[in-house]
Structure formats: structure tokens, C-alpha cells
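Engineer: Here is my input, please return the structure:
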Amino acid sequence: HALKTSVAVKNGIYLERWSCGLSVMLEKKLGCTLLAKLRAILLMEADFNHSNKEIFGSRMLDNVRKYGLMPEEIYSERGKVPDDGTLAKVIFNDVVRQTRLSAGVASVVAANCYDSVAHAIASLTCQAFGVPAEAVHSMLTAIEDMKYYLRTAYGDSKNFRGHKIAVKFQGLCQGNGAAPAGWAVISIVILGAHKKKGHGGHFVCPISRRTGHLSAILFVDDNDLIHVDMGKDQSADEAAYDLQRSIDSWGQLLMTSGGSLKPEKCFFY
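Structural biologist: A predicted model of the protein is given here:
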């Protein structure tokens, strides 16, 4: 199995059976079976999925950690839990109250982040973090040619949904072992571009005058964009204006990667 997979991946090809996936609809909320409220998980061939998890989920993220490329803002990382992100937001609010400065937090959620990744962006990003071009091509072309079968209470479908010749499927697929790592490295690139524009919280220690810059509190697709500038005494209107610019920046960067914001789950204060 390992030899077959290695030959395929090293040559940038995929086995035909890797492009057959079984979609299973899971309840997000217990007892709620509305189609729009279900989550489609794709069951992939075991050797294909294991290869994706090993190359992207293990080796690529090892590169990220080895070279210190994981931003402080990302909390969906080894050694961290979601509560750490919540604590960071609580501490941010404590600092704002203590300094009595105008500030803001915008909770912005990406819509179907794994399923909305553009393959051109995914390929460039994964290669930038050390994955060979052949391995990236092998996985992404298998997804582009994927035949989606469906499992329901009545059994598995005989027919499948496939791509059109002109438009190939995109995304990383829910259930793909490479999807969490793929989204993580794309998040790193988006965060870097967002932070380079100066958005986020600019902190100044009152005694040492040491400065710090934290742009967001991010856990997978759930993101809290923070804004405060301890070097200025902004009015509420100025802080609101800068927070809106930060939201616009984040939304545009998401669109560049193929994704978008989910307005019904976004709010600010």
C-alpha cells in the first residue's frame, strides 16, 4: 500500500479509485435533519486519505513548527485548546477596560472554509511550506475529478455527482486528512497579509514601553478581529472606522483564497 501510494504521489498522479468519495450527512444539531443544517463529510479511500494526512497534516505542519512560522493568533494548533482563544479575548477586554481606550472586536466566520478553498491558492501555499509540487498535484487533481456518491437511510446511491469539463471541483473536502493543515497554512498567509496592513491590536506596556501587535484570535474558521491602539487616544468613531477597515481587509483576503464571510454569523461590539 505504501509503495503504490508513494509511486503515485511522487509522480503527481492519482489512482482512479481515489476519485470516488462517499458523502455522509451528519447532524450538526441533535435531532435537526434539515438539509441546510446537515454537514456533509466525505469518506475517502483509506490509503489516499492516510497519504494526505501524512504529507500535509504531519510533514507540512512539522515544517511550519520547525521554522517558527505558526502565528500566535492561531489557536487551532498542537498544545492549544479553544478555551485558550476565549481566555485571550477575555484578557483583551480586561486590558481595554483598564486603559479606558476605544476598542472593538468583530467576530467574523468563514463560510464552509474547507469547501471554498481555490486550488491555485492551495497549491501555491502548500508548496511554499515545503510540500513537493507532485504531491500537491496528486491530491488536488483527485479532488477535481471526484465522483460524489451519497449515503442516506435508504442506502448508498448508484449514481454520483461529477464535475463539468469546463469547471472542476475546488475545495479540500470535509473529511480529508489534509484539509485542517491546508486551511491552517492558508490562514497563516491571510494573517500575514492582514497584519502587514497594520490591522489589529497595538499594545504598549506601561512601564517597559515594550510594544506588541496581535491582529486576531483565530480558531479554524472562527475569527475574532480585535482593534485597539494604545499609542493613540482614539474616539469611538475612529475605532469603529478602523475596525470596519479590518473587517473589509479580512473579507477581501478570504475571497482571494476562494472563500467568503458568513454574514448571519458575523457580529461586532
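Engineer: buried ones in stretch 44-55?
Structural biologist: 44-45, 47-55 (16 or more other CB atoms under 10 Å). Glycine gets a C-beta too; all of them are placed from N, C-alpha and C.
Engineer: Pick out the most distant pair among the residues you listed.
Structural biologist: Spatial extent of these (CB to CB) is set by the pair 45 and 55 at 15.0 Å.
Engineer: which ones among the buried residues of stretch 44-55 are found in helices?
Structural biologist: 47-52 (DSSP state H).
Engineer: mind putting those in TSV, distance to residue 171 and pLDDT included?
Structural biologist: Listed next are those as TSV, based on distance: CB to CB, whole Å; pLDDT from 0 to 100:
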residue	distance to residue 171	pLDDT
47	21	95
48	16	96
49	15	96
50	20	96
51	18	96
52	13	96
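Engineer: Out of those, the closest to residue 174 would be?
Structural biologist: residue 49 (12.0 Å).
Engineer: That closest one and residue 60: what is the separation?
Structural biologist: Applying CB to CB, to the nearest Å, the value for residue 49 to residue 60 is 15 Å.
Engineer: mind listing what residue 77 touches?
Structural biologist: Applying CB atoms under 8 Å, 6 or more residues apart in numbering, we find residue 77 in contact with 70, 184.
Engineer: So that it lines up with my notes, have the first residue be 46 from now on.
Structural biologist: Happy to do that; since the first residue is 46 now, the last one works out to residue 122.
Engineer: Look up how far residue 240 lies from the residue positioned nearest the centre of the chain.
Structural biologist: For the chain, the residue sitting closest to the mean C-alpha position, by CA atoms, centre = their mean, is residue 228 at 3.4 Å. Residue 228 sits 18 Å away from residue 240, going by CB to CB.
Engineer: Next: residue 223.
Structural biologist: Distance from residue 223 to residue 240, by CB to CB: 25 Å.
Engineer: That's all I had, so thanks and see you.
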